[in-house]
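> Sequence and predicted structure are below.
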Amino acid sequence: MSSGAGTQPEWLNFEQQHVWHPYASMLDPMPVYPVRSASGVELELEDGRRLIDGMASWWCAIHGYNVPELNQAIEDQLQRMSHVMFGGLAHEPAARLASLLLQLAPEGMQHVFFADSGSVSVEVAIKMALQYWQAQGRKEKSRLLTIRHGYHGDTFGAMAVCDPVSGMHHLFSGLLPGHYFADPPTARTDEEWDDVQIESFRALITEHRHEIAAVILEPLVQGAGGMRFYAPEFLQQVSLLCAEYDVLLIVDEIATGFGRTGTMFACEKAGIFPDIMCIGKALTGGYISMAAVLTSEKVCRGVHAGGDVLMHGPTFMANPLACAVALASIKLLLAGDWQGRVQAIERQLSDELAACRALDGVADVRVKGAIGVLEMKQAVDVAAVQHTLVEAGVWLRPFGKLIYTMPPYVMRPDQLSLLTSAMFDAASHGH
């Protein structure tokens, strides 16, 4: 591994002065590591160092980088058309992708709305739910119910259903619509389940059922709100209560979709059938921003019952390049033993992160599918932890109290061992 740590490309100084990064200050920026290329599960920095990417580029590059099959799909589609507006036009990549998504989706999904990003898909899902009830003459059903510690995106509708206290959007709390937040479950497995886990949720949906349009939550894994895992029984109980009180159920599978928890979609583990489902991130294998909202025939017909169209239409909706690479990515996933790979990653993460439980600074160690989490007792110094990790040859992006990994499914055992070893070292340094 080349050190070359002092080398800095000439463009980086301009970039640091003028280009914003996610959740970062322009005035007091954190260090960034310039990337020159990426291939397999490795990032090559401008100074020649190679880092094993344990983040799969924020969970989307499930096949790794520079994947021949995905490259070819992009190149082939580029020769035909890179983009065409979806208003009044149609194209084969979108139709074929929609068909495949509906084949894989939970029972009852019949229609697909293509969106630009995960956050936008949540906006569309919320619009669908609200417009559904307006069309039924039930305008009073205009609030949403969710659980605390959730995260659904950074746009305003999505921010309104993120945790209002521990989430990232407290600065906007006075400007967002008011919704209902139930206590999150603490049981991680059905073996730990007790009906007290659902009491807060049941009380809110019972009391406010006449004004709640939909429930929205991340199934089984709450991602950016804290990487929390919860029992399938909670999701089953939520689904039953939604049916009992005539409330739509939206599942946000943006982070969990396409195998991350061990099933194609996390809600499969609970055996539920949502009314609306949001997918994104791994949809295109990390190549192009794209998301989709899948919905039932009931919701589709209900939205249009008042004679109105669904009021949303992104410029790049169903972009042909994105559709083509998404189709290729899903086919590549299905062609391999993705379940076996995810199970092997889960076993190795469980085995190799177990030693972290003995560290003084570690509060919890948890693993689900291809997700491994170290929760520290105190907030981590992100810059210091990243420096430690980069020096060890790996790339992770800690936040809050968490040092975690969601690696590409194609990561080799020896590469994963290097990753878990670096996580142990970072946690043991007490940053």
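Thanks, I have it.

> And the residue nearest the centre of this protein?
Against the mean C-alpha coordinate of the chain, by C-alpha atoms, centre = their mean, the closest residue is residue 255 at 2.0 Å.

> any idea which helix is longest in this structure?
As assigned by DSSP state H, the longest helix anywhere in the chain is helix 118-135.

> Spit out the contact partners of residue 399.
Contacts for residue 399 (C-beta atoms under 8 Å, 6 or more residues apart in numbering) come out as 224, 380, 382. Yep, even glycine has a C-beta here, placed from its N, CA and C like the rest.

> Next one: it from residue 307, what distance?
Plainly put, residue 399 is 45 Å away from residue 307 if you go by C-beta to C-beta, to the nearest Å.

> repeat for residue 340
Noted for residue 340: a distance of 50 Å to residue 307, by C-beta to C-beta.

> And these two? Which one has more around it.
It is residue 340, of residue 340 and residue 307, that has more neighbours when counted by other C-beta atoms under 10 Å, with 10 against 6.

> Could you give the average pLDDT over stretch 230-246?
The predicted model assigns stretch 230-246 a mean pLDDT of 98.

> buried ones in that stretch?
Neighbour-count burial for stretch 230-246 flags 230-239, 241-242, 245 (criterion: 16 or more other C-beta atoms under 10 Å).

> that older thread, for the following helix or strand past the longest helix of the chain, name the packing helices and strands.
Per DSSP states H and E, the first helix or strand lying C-terminal to helix 118-135 is strand 143-147. Counting contacts by 3 or more C-beta pairs under 8 Å, 6 or more residues apart in numbering; DSSP states H and E, strand 143-147 packs against strand 180-182, helix 199-207, strand 212-217.

> The longest one relative to strand 143-147, how many degrees between them?
By that I understand helix 199-207. Counting by axes from the mean of the first three to the mean of the last three C-alpha atoms, to 10 degrees, helix 199-207 lies at 170 degrees to strand 143-147.

> between helix 199-207 and strand 212-217, how many degrees?
Relative orientation of helix 199-207 versus strand 212-217 (the same axes, to 10 degrees): 160 degrees.

> Confirm for me that residue 248 is in contact with residue 209.
No - between residue 248 and residue 209 there is no contact under C-beta atoms under 8 Å: 11.9 Å.

> between those two, who's got more neighbours?
Between residue 248 and residue 209, counting by other C-beta under 10 Å, residue 248 is the more crowded of the two (26 against 16).

> Give me the nearest residue to that one, chain neighbours excluded.
Once flanking residues are discounted, residue 248 sits nearest to residue 214: 4.0 Å by C-beta to C-beta, 6 or more residues apart in numbering.

> Break down the protein into its helices, ranges please.
If DSSP H is used as the criterion, the helices of the chain fall at 11-18, 56-59, 68-80, 92-104, 118-135, 156-159, 199-207, 232-244, 297-303, 320-335, 338-353, 382-391, 413-428.

> Redo those as JSON lines? Include distance to residue 312.
Output for the helices of the chain, formatted as JSON lines (distance: least, C-beta to C-beta, whole Å):
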{"stretch": "helix 11-18", "distance to residue 312": "32"}
{"stretch": "helix 56-59", "distance to residue 312": "24"}
{"stretch": "helix 68-80", "distance to residue 312": "24"}
{"stretch": "helix 92-104", "distance to residue 312": "16"}
{"stretch": "helix 118-135", "distance to residue 312": "5"}
{"stretch": "helix 156-159", "distance to residue 312": "11"}
{"stretch": "helix 199-207", "distance to residue 312": "27"}
{"stretch": "helix 232-244", "distance to residue 312": "23"}
{"stretch": "helix 297-303", "distance to residue 312": "11"}
{"stretch": "helix 320-335", "distance to residue 312": "17"}
{"stretch": "helix 338-353", "distance to residue 312": "32"}
{"stretch": "helix 382-391", "distance to residue 312": "35"}
{"stretch": "helix 413-428", "distance to residue 312": "39"}
